[in-house]
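Asks: how would this look folded up:
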Amino acid sequence: MEAPDLSDTLDWDDWEQRLALHWADFGHMDADAFIARLDVLAAELPDGDPIGLFERASAQDSLGNEANAAPLYRQALAGGLSGIRRRRATIQLASTLRNLGQIEESIALLEAERTMPSDELDDAVLGFLALSLVDAGRAQEAAGLALGRLARHLPRYNRSLKRYADALLSDA
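Replies: Residues are numbered from 1 along each chain as shown. You can find the predicted model right below:
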């Protein structure tokens, strides 16, 4: 967990727990009330805190307000967001940009993210990259990436599927 430097003003574990409980309410409350409660939680952090910005962006994005989310993601990343939240913000920003029609920037962000150290979000990076590639008219490359990643998870046929995926990528 990447707790910000809050001195003694905030119990970080308590804040994270309240945040998790709030996200558990997503879809069970009015959208405006959800945003308002999230904004109150984010306001407990220092002004411009990248974690608060990220959580606010995620809330906007989750409610389909991509145009509101994109600048918040950018601010969070520019503000030094780190750890798993940085990777999530990059994936989510790329997805948001795709939805806003900014396909090439989405692809560039996800291609750069592929070079980052591996973690549990590797498949998500490639999944969202595949979506952006389809939107860019590069469906064969998208299929190759997606099938190559899927092959790793199959109990059988993984070598065959990986070979087919590699062939799609080499022909793209």
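Asks: Phi first, then psi, for Asp47.
Replies: The phi/psi pair for Asp47 (degrees, to the nearest 10) reads phi -60, psi 130.
Asks: no, scratch that, I was asking about Glu141
Replies: phi -60, psi -40.
Asks: list the contacts for the nearest residue to it once chain neighbours are set aside?
Replies: Closest residue in space to Glu141, ignoring its immediate chain neighbours: Ala172 at 3.8 Å, by C-beta to C-beta, 6 or more residues apart in numbering. For every residue, glycine as well, the C-beta is placed using N, CA and C. Taking C-beta atoms under 8 Å, 6 or more residues apart in numbering, we find Ala172 in contact with Arg138, Gln140, Glu141, Gly144.
Asks: The third one touches Leu168, doesn't it?
Replies: The reference is to Glu141. Yes: with contact defined as C-beta atoms under 8 Å, Glu141 counts as touching Leu168 (7.4 Å).
Asks: coming back round to it: tell me, what's the model's pLDDT at the residue nearest to Glu141?
Replies: For Ala172, the model assigns a pLDDT of 83.
Asks: Now find how far off-centre the strand or helix carrying Glu55 is within its chain.
Replies: For Glu55, the element it lies in under DSSP states H and E is helix 50-62. Computed by C-alpha atoms, centre = their mean, to the nearest Å, the chain-centroid distance of helix 50-62 equals 11 Å.
Asks: how deep is Arg85 tucked in, by neighbour count?
Replies: Arg85 sits with 19 neighbouring residues when counted by other C-beta atoms under 10 Å.
Asks: Oops, could you answer that again for Ala130 instead?
Replies: Counted with other C-beta under 10 Å, the neighbours of Ala130 add up to 22.
Asks: Torsion angles phi and psi at it?
Replies: Main-chain torsions, Ala130, degrees, to the nearest 10: phi -60, psi -40.
Asks: For Leu93, see how far away it is.
Replies: 17 Å (C-beta to C-beta, to the nearest Å).
Asks: which of the contacts of Ala172 are buried?
Replies: Arg138, Glu141, Gly144 (16 or more other C-beta atoms under 10 Å).
Asks: out of the residues you listed, who's nearest Pro71?
Replies: Arg138 (27.5 Å; C-beta to C-beta).
Asks: Distance-wise, check that closest one relative to Glu104.
Replies: For Arg138, the distance to Glu104 (C-beta to C-beta) stands at 11 Å.
Asks: Go through the longest helix anywhere in the chain and flag the buried ones.
Replies: Taking DSSP state H as the criterion, the chain has its longest helix at helix 83-99. Judged by neighbour count using 16+ other C-beta under 10 Å, the buried positions of helix 83-99 are 85-99.
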